[in-house]
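K.L.:
Next input, structure requested:
(one chain, ligands or ions: 1)
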Amino acid sequence: MLYYSYPKPENQHQRGNEMPIIYDEKKRVFKLDTPNTTYAFHVTNSNHLLHLYYGASIPETDITHMLRIPNDEPFVPSTHDGMGPHSFDCAAIEFPTSGVADFREPCMQLMDKYGMSACECYYDSYAIYKGKKKLEGLPATYANTDDEVTSLEVYCKDPHNGLEITLQYSVFEKLDVITRSVKVKNGGADPIELRRLLSACVELDSKDYDMITLYGTWARERHVQRNPLHFGKQLVDSCRGATSHAHNNFIAIVDHKATEDYGDCYGFALCYSGSFVAGCEVNQYEKTRVFSGINPYDFSWHLDLGEEFQAPEVIMVFSASGIGTMSRTFHDVMRNNLTRGKWKDIRRPILINNWEATYFNFDTDKLLDIARESAKAGIEMLVMDDGWFGHRNDDKSSLGDWFVNEDKIKGGLKHLVDEVNKLGLKFGIWFEPEMISPDSELYKAHPDWCIHIPGRPRTPCRSQLVIDFSRKDVRDYIYGQMYKILSSANIEYVKWDMNRQLCEVGNEVLPPERQREIWHRYVLGVYEIQERLLTDFPDLLLENCAGGGSRFDAGMLYYSPQIWCSDDTDPYERIYIQWGLSKFFPAKTMSSHVTNWNRNTSVKFRTDACSSCKLGFDIDLKSLSAEEYQFVKQAVSNYDLMKPVIFDGDLYRLVSPYEGNHCAINYVSKDHQRAVLFDLHPRYMEPLTTVRLQGLDPDRTYTVRETNLMPGKKSELTCDGKQYSGDYLMKVGLSVFTPRTGNSHVLILE
Ligand code: DGJ
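P.N.:
Predicted coordinates:
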């Protein structure tokens, strides 16, 4: 028996050998089942698709009594078709469209040749198949083997304009994950302007929920916001061309009383890295519509005859046992079915990046110095950050001039890489491919290659403009430059940075009716180049970064198995940022580096905070005292031992820093043999509380050992070296405070 993992089996409907997706022809019900959840919708006699249910598993398919088909509501337009009188404004609609008597947030809106915007989605036919198709040009979850996922495509039509709509669903058979997306095709006789195409909406039967979102700003990303739903629309979005520092494209809708281990929770993560919208509308009948997709703001897509548009995927998770279970399910699907390539599962190197240690002020000798010190500490890769190219000695020039500055990199790049390799370290490099500096050779030659509106001023940000990745010729040129650099030496890692948002969006290439496509074409261009990189350099470890965590999203994870969380590396601040990100991102994806941002904190505290994610360094190791250096060396090797549990185990958030000045989390290996507890309490003399662990095997005995101790120091914890049952550790817990002598503890239980 295990505590606090999935809900107890006896409370759950077990699906047995049933198919994960069925269509009950008699009841005209589609029913999608994961191990612990059910999602269902109904095809009406009038061929409308009405949502029935999403929540904990139910065995029945005879559930059409759940339909919300109110009779004629006063002062609400109502239809009289095969179902008798009903008002769409009150119904739970599977894929709502605009202009046809449902006044809530629609998923689809268009403009036809007559300037009309009404459209509808009538059921036509369906297909159920094993496996999962790729979404053309877009990141999405995938099936490792065909028997892991079953998919459903529901083919719909709007006979009035010839639009063909495919609603796409995939059900993960071992995880409580359902993905949704939609593709539309112009099968009519005239061009159509698609004005809005959200990926999914889910209708909930009540308004008694809270919405959790992750907001922030630069250096303060992914703080947790939780508010009760209110009547009307409430949403987060980005119209900046990137996911943004301000809001993440993940939302959760949870019971008012939901905690880490109690309550119904719905999580929605959009697999996309551009402008988005995600939110809810609570209507006058106290029902909630949740929606997520590309932001319709300034969006339009011209569909010529026969042309298609594919919307990005939404990953949906339902948990009946709290936010923790929801997070762990997201972690599993992101680790197993979203990240890809060589580095998905194998051991990843601990790297040191020179940025915080040198900023732009470095040369070959300085880098080799850093590499030498790092090698002695057991660090495995040196990453050369911004400033190695063109004449870039500050952030005012040279983006786009991707050729090595040999005044700094004396002897050339290959020489530097070879020397670093000789020291036993791998070598990585920084690029910001999506940007162009007005002070660059490239801009002089091609001033029209940035995103701009002819005749309007071009607003700079960090002295740079955005290069037009919606243009194939521009992408090909930039990729060619990157290819040359990457094939000139043994470069095993790329940090892909992106340090501004898009404005004055336009170019001189696309016709007027396609100008509003640039936002999305740009994102597709970024995906295309990252895909090319991984195809041409399959051994490359790619890390995405966007001025810190502005593009920490599920879309980017398809290309890079790790992402830079934030430029704020103050360990106090990081505790909050990492806590927020962990709501749906696994620790393995969260790059966290020890730096000198807050020298008032001990190197131990900084290292412990980073070790709870993907540990790295951004510091001049020479600035450390001999004792601190010894500590780092030992911590690097400790981390290597803990890494399998942190990377591939289950995360339990135990004590929230948002509720006090104390943060505790534990990871447990999938076989429950090992666990690691991180206890971080940034405030001096915090009141003493014990920490109850979770996810352990109650019948197993664990030996507790404190690790990451300063050299020569012994643990002051009374539990160090003692043995306890998992049952005791989860019911009683451990006293892990030594408030006068240390404010962080890392404990291994095995
Ligand atoms: C912003 C990133 O977040 C930093 O880590 C660093 O790479 C700088 N850009 C370099 O300009």
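K.L.:
so where's the stretch 301-450 of the chain uncertain?
P.N.:
Scanning the stretch 301-450 of the chain for pLDDT under 70 picks out nothing.
K.L.:
residue of the protein with the smallest distance to the ligand?
P.N.:
residue 386 (3.5 Å; C-beta to the nearest ligand atom). In short, each C-beta sits where N, CA and C put it, glycine included.
K.L.:
Contacts only, for that residue.
P.N.:
Shown in contact with residue 386 (C-beta atoms under 8 Å, 6 or more residues apart in numbering): 355, 360, 392, 395, 430, 432, 497.
K.L.:
if we look at the ligand, which of those are close to it?
P.N.:
Restricting those to those near the ligand by C-beta under 6 Å from any ligand atom leaves 355, 430, 497.
K.L.:
Out of those, give me the one that has the most neighbours.
P.N.:
Each of these was scored for neighbours by other C-beta atoms under 10 Å, and residue 497 scores highest at 23 neighbours.
K.L.:
Do I have it right that that residue meets residue 546?
P.N.:
Yes: with contact defined as C-beta atoms under 8 Å, residue 497 reaches residue 546; the gap is 6.9 Å.
K.L.:
would you turn the contacts of residue 386 into JSON lines with secondary structure?
P.N.:
Below are those laid out as JSON lines (DSSP: H, G, I helix; E, B strand; the rest coil):
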{"residue": "355", "secondary structure": "helix"}
{"residue": "360", "secondary structure": "coil"}
{"residue": "392", "secondary structure": "coil"}
{"residue": "395", "secondary structure": "coil"}
{"residue": "430", "secondary structure": "strand"}
{"residue": "432", "secondary structure": "coil"}
{"residue": "497", "secondary structure": "coil"}
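K.L.:
and the closest residue to residue 283 other than its chain neighbours, helix, strand or coil?
P.N.:
With sequence-adjacent residues excluded and distances taken as C-beta to C-beta, 6 or more residues apart in numbering, residue 283 is closest to residue 104, at 5.8 Å. Here residue 104 is coil, with the state taken from three-state DSSP.
K.L.:
how many other residues sit next to residue 104?
P.N.:
20.
K.L.:
same check, this time on residue 228
P.N.:
Residue 228: 11 neighbours (other C-beta under 10 Å).
K.L.:
for it, phi and psi?
P.N.:
Here is the backbone geometry of residue 228 (degrees, to the nearest 10): phi -70, psi 150.
K.L.:
residues touching it, list them.
P.N.:
209-211, 256.
K.L.:
7 Å - rerun?
P.N.:
By C-beta atoms under 7 Å, 6 or more residues apart in numbering, the residues touching residue 228 are 210, 256.
K.L.:
Any idea what it is bridged to?
P.N.:
Per DSSP bridges, the residues bridged to residue 228 are residue 210.
K.L.:
picking up where we left off before, tell me how far the residue nearest to residue 283 lies from residue 239.
P.N.:
21 Å (C-beta to C-beta, to the nearest Å).
K.L.:
ok, now residue 389?
P.N.:
For residue 389, the distance to residue 239 - C-beta to C-beta - is 31 Å.
K.L.:
between the two, who's got more neighbours?
P.N.:
Between residue 389 and residue 239, counted using other C-beta under 10 Å, the more crowded position is residue 389 (25 against 19).
K.L.:
Distance check, the more buried one against residue 95.
P.N.:
Per C-beta to C-beta, residue 389 is found 47 Å from residue 95.
K.L.:
Packing partners of whichever strand or helix holds residue 267?
P.N.:
Per DSSP states H and E: residue 267 is located in strand 265-271. Where contact means 3 or more C-beta pairs under 7 Å, 6 or more residues apart in numbering; DSSP states H and E, strand 265-271 is packed against strand 247-255, strand 276-282, strand 288-294, strand 313-319, helix 322-337, helix 554-557.
K.L.:
Next, give phi and psi for the residue nearest to residue 283.
P.N.:
phi -90, psi -180.
K.L.:
Pull up the per-residue confidence for it.
P.N.:
At residue 104, the pLDDT value in this model is 95.
K.L.:
what do you get for residue 682?
P.N.:
Predicted confidence (pLDDT) for residue 682: 70.
K.L.:
out of everything not next to it in sequence, what's closest to it?
P.N.:
residue 572 (4.6 Å).
K.L.:
go on, residue 683?
P.N.:
Per C-beta to C-beta, 6+ apart, closest to residue 683 is residue 661, 3.9 Å.
K.L.:
Check which helix or strand the one you found maps to.
P.N.:
For residue 661, there is no host helix or strand (DSSP H and E).
K.L.:
Residue 218 reaches residue 246, doesn't it?
P.N.:
No: between residue 218 and residue 246 there is no contact under C-beta atoms under 7 Å: 9.3 Å.
K.L.:
So for the helix or strand harbouring residue 193, mean pLDDT?
P.N.:
Secondary-structure assignment from DSSP H and E places residue 193 in strand 192-204. Across strand 192-204, pLDDT averages out at 97.
K.L.:
Strand partners (parallel or antiparallel) of it?
P.N.:
Using DSSP bridges, the strands paired with strand 192-204 are strand 108-111 (antiparallel), strand 288-294 (antiparallel), strand 301-303 (antiparallel).
K.L.:
Let's have those strands in JSON lines, adding distance to residue 680.
P.N.:
Below are the strands paired with strand 192-204 laid out as JSON lines (distance: least, C-beta to C-beta, whole Å):
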{"stretch": "strand 108-111", "distance to residue 680": "46"}
{"stretch": "strand 288-294", "distance to residue 680": "32"}
{"stretch": "strand 301-303", "distance to residue 680": "46"}
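K.L.:
For residue 636, which of those strands is the nearest?
P.N.:
Evaluated over the strands paired with strand 192-204, closeness to residue 636 peaks at strand 288-294, with 39.9 Å, by C-beta to C-beta.
K.L.:
Which residues of the chain lie near the ligand?
P.N.:
355, 385-386, 430, 497, 499, 545, 547-548, 564, 567.
K.L.:
residue ranges of the helices in the stretch 301-450 of the chain, please?
P.N.:
322-337, 355-358, 364-376, 412-422, 441-445 (DSSP state H, counting those that start in this stretch).
K.L.:
Pick the most buried one from those helices.
P.N.:
helix 322-337 (a mean of 23; mean count of other C-beta atoms under 10 Å).
K.L.:
Between strand 247-255 and that one, find me the angle.
P.N.:
Computed by axes from the mean of the first three to the mean of the last three C-alpha atoms, to 10 degrees, the angle separating helix 322-337 from strand 247-255 equals 130 degrees.
K.L.:
elements contacting helix 322-337?
P.N.:
For helix 322-337, the packing partners by 3+ C-beta pairs under 7 Å, 6+ apart are strand 247-255, strand 265-271, strand 313-319, strand 650-655.
K.L.:
What ranges does the stretch 401-550 of the chain have for its strands?
P.N.:
For the stretch 401-550 of the chain, the strands defined by DSSP state E, counting those that start in this stretch occupy 426-431, 435-436, 465-466, 493-496, 541-544.
K.L.:
and the third one, average pLDDT?
P.N.:
The average of the pLDDT scores along strand 465-466 is 98.
K.L.:
Run a quick neighbour tally on residue 147.
P.N.:
With other C-beta under 10 Å as criterion, residue 147 counts 11.
K.L.:
now swap in residue 385 and tell me
P.N.:
If you count neighbours by other C-beta under 10 Å, residue 385 ends up with 21.
K.L.:
Leaving out the residues flanking it, which one is nearest to it?
P.N.:
With C-beta to C-beta, 6+ apart as the criterion, residue 385 has its nearest non-adjacent residue at 3.8 Å, and that residue is residue 355.
K.L.:
can you tell me how far the one you found sits from residue 573?
P.N.:
Distance, residue 355 to residue 573, by C-beta to C-beta: 17 Å.
K.L.:
Kindly list the single helix or strand of this structure that scores lowest on mean pLDDT.
P.N.:
Lowest by mean pLDDT, DSSP states H and E among the helices and strands of the chain is strand 84-86, with a mean of 61.
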